[in-house]
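J.: Predicted model and sequence follow; I will ask about them next.
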Amino acid sequence: MSTPDTDSPLVFIVEDEPDIARLIATSLAEYGFRSETFGTGRALLARARKVQPELAILDLGLPDMDGLQVLRLLQEQHPCAALILTGRDGLTDRVLGLELGADDYLVKPFEPRELVARVRSILRRYQKAAPPPEADGPGAARFAGWHFDIGRLRLTHDDGREVSLSAAEAALLQSLLKRPNKILTREQLIGERELDPFDRSIDVRISRLRRKLEDDPQDPKIIKTVYGAGYLLCGTVEWMTG
């Protein structure tokens, strides 16, 4: 356990129950994370306009707006990693949360150590999805007619189309671009932990990426499914600096 310093990852917590918010913040601090807590979704979004967190922990049952709306606005305006922590355990909320850009979904009541482990796993995924070291500080990648601006989380096609990515989508795309034409398992794409056979989070994110990249998402040419094995990105990838 360690005390947070100014270089520690910053986590935003939106939770309207003060005791739960305090438990989350204390648990994160014990493992070296900085955090800021908010009682409403609007307060978190207002703060995100000034300070960019590495990750946001979002309750869904907020007094001013639905947590899924907070997630959508956060990913559109200030993309970052996101973990939903809620008492709502319905399949619809889980799927919609992942569709909107959440990286994980944890149901209350929760074990603080599991929450910290999931936060670490999410942030590790983003670190692993960083551009290849041999590229000497790449700022963009070209592939299949697309230009991927990493810093702006934006895709631009040769025909002029522009598409914004959530932080989760950008991290997944970078993982695929780092190893083109190689089959990557769902476990490799999501991190080190073993996945539950029913965990469809990567499949949902692949589906979101295909809708943005592919002319026909039902017949993908760029991100291929290798049934029983994983996914691969087809084609040549050119990394660029600047």
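T.: Right, received. Where do you want to start?
J.: got the contact list for the helix of greatest length in the chain?
T.: Using DSSP state H to define each element, the chain has its longest helix at helix 112-128. If you take C-beta atoms under 8 Å, 6 or more residues apart in numbering as the criterion, helix 112-128 is touched by 9, 11, 23-24, 27-28, 30-31, 33, 54-55, 57, 81, 83, 85, 103-104, 106, 167, 171, 175, 190-193. For glycine as for every other residue, the C-beta is placed from the backbone atoms N, C-alpha and C.
J.: next structured bit after that helix?
T.: strand 138-143 (DSSP states H and E).
J.: Listing partners with orientation, what would you give for that next one?
T.: strand 146-149 (antiparallel), strand 238-241 (antiparallel) (DSSP bridges).
J.: and residue 108, how many neighbours does it have?
T.: 14 (other C-beta atoms under 10 Å).
J.: any idea which residue sits dead centre in the protein?
T.: Nearest residue to the geometric centre of the chain (C-alpha atoms, centre = their mean): residue 168, 2.6 Å.
J.: any idea how far it lies from residue 60?
T.: 17 Å (C-beta to C-beta, to the nearest Å).
J.: now do residue 139
T.: Residue 139 is 36 Å from residue 60, by C-beta to C-beta.
J.: between these two, who's got more neighbours?
T.: residue 60 (21 against 15).
J.: Report the contact partners of that one.
T.: 66, 67, 68, 84, 86, 87, 88, 93, 97.
J.: Pretty sure residue 41 sits against residue 64.
T.: Yes. Taking C-beta atoms under 8 Å as the definition, residue 41 is a contact partner of residue 64 at 5.7 Å.
J.: Please, where are all the helices along the chain?
T.: Going by DSSP H, the chain shows helices at 18-30, 41-48, 67-77, 91-99, 112-128, 167-178, 186-190, 201-213.
J.: in the least confident helix or strand in the chain by mean pLDDT, what counts as buried?
T.: None of the helices or strands of the chain scores lower by mean pLDDT, DSSP states H and E than helix 186-190, at a mean of 77. Using 16 or more other C-beta atoms under 10 Å as the test for burial, helix 186-190 gives 186, 188, 189, 190.
J.: Could you check how far the last one is from residue 206?
T.: The spacing between residue 190 and residue 206, counted by C-beta to C-beta, is 11 Å.
J.: picking that back up, elements contacting the least confident helix or strand of the chain?
T.: helix 167-178, helix 201-213, strand 230-233 (3 or more C-beta pairs under 8 Å, 6 or more residues apart in numbering; DSSP states H and E).
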